[in-house]
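In: Got a sequence here, can you build the structure:
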Amino acid sequence: GGPTTISEVKQKVVKLCKDAPGNGVDASSEMRVQIAEALMPLEKQNPTAKPASEDAAALDGIWRLEYTTTQGNSAGKLGPFVGEVTQEVDISGKKYVNCVRLGTFLSLVLSADWKVLNDVTWKVIFKTLQVKMFGFVLKEIEFPPSATGLWRMSYVDSDLRILWTRGSTPKKSE
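Out: Got it, this is the predicted structure:
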């Protein structure tokens, strides 16, 4: 049989995610299905009942992106390159920073905050994107208020977070 304890299931999920090329952005459809199926037992036993609201402190800290099904820059994909992604969630400061690093010299830093929609979902409101080289800001872009996304958190414990994202495209005004 397969893994039975939460710890064994987590180990399997983490291994599958690490095996997925390029943070998962280059994973095959078969690999994506395999990972999605491996996540289900964890999501059914989420130890954090209300990760977006009352239990949000469980999200506080720096998280490393191991796997994503998102294809955007925040997933680490920059042209043909895939960088290392960290996400820092500061619950008391009510801010979120997504940092994509390509080597030691180039980084993209996305800053955001959020509104709690329900016990498992945040509406993430993107604020700025900085392009940095060797730590110096080369360019900063401010997002319009319509630049938002949804985060649905389906599993959170002390060292693993599973969340599903959906972004919105700002509407062009004529």
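In: For the helix or strand hosting A36, give me every contacting residue.
Out: Element membership of A36 [criterion: DSSP states H and E] is helix 29-44. Helix 29-44 is contacted by residues 6, 9-10, 12-13, 16-17, 19-20, 24, 27, 67, 69, 154-155, 160, 162 when judged by Cβ atoms under 8 Å, 6 or more residues apart in numbering. (Glycine included, C-beta is placed from N, CA and C.)
In: Tell me which of these fall in strands.
Out: Per DSSP state E, strands hold the following members of the contacts of helix 29-44: 154-155, 162.
In: and those as TSV, adding distance to L110 and neighbour count?
Out: What follows is the ones in strands among the contacts of helix 29-44, written out as TSV (distance: Cβ to Cβ, whole Å; neighbours: other Cβ atoms under 10 Å):
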residue	distance to L110	neighbour count
S154	22	17
Y155	23	21
I162	20	18
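In: I'd like those laid out as CSV, including pLDDT and distance to M133.
Out: Output for the ones in strands among the contacts of helix 29-44, formatted as CSV (pLDDT from 0 to 100; distance: Cβ to Cβ, whole Å):
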residue, pLDDT, distance to M133
S154, 94, 36
Y155, 95, 36
I162, 92, 33
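In: any idea where the helices of the protein begin and end?
Out: Shown for the chain, the helices assigned by DSSP state H span residues 6-19, 29-44.
In: got CSV for those helices, with distance to R166, mean neighbour count and mean pLDDT too?
Out: Formatted as CSV, those follow (distance: least, Cβ to Cβ, whole Å; neighbours: other Cβ atoms under 10 Å; pLDDT from 0 to 100):
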stretch, distance to R166, mean neighbour count, mean pLDDT
helix 6-19, 20, 15, 90
helix 29-44, 16, 14, 92
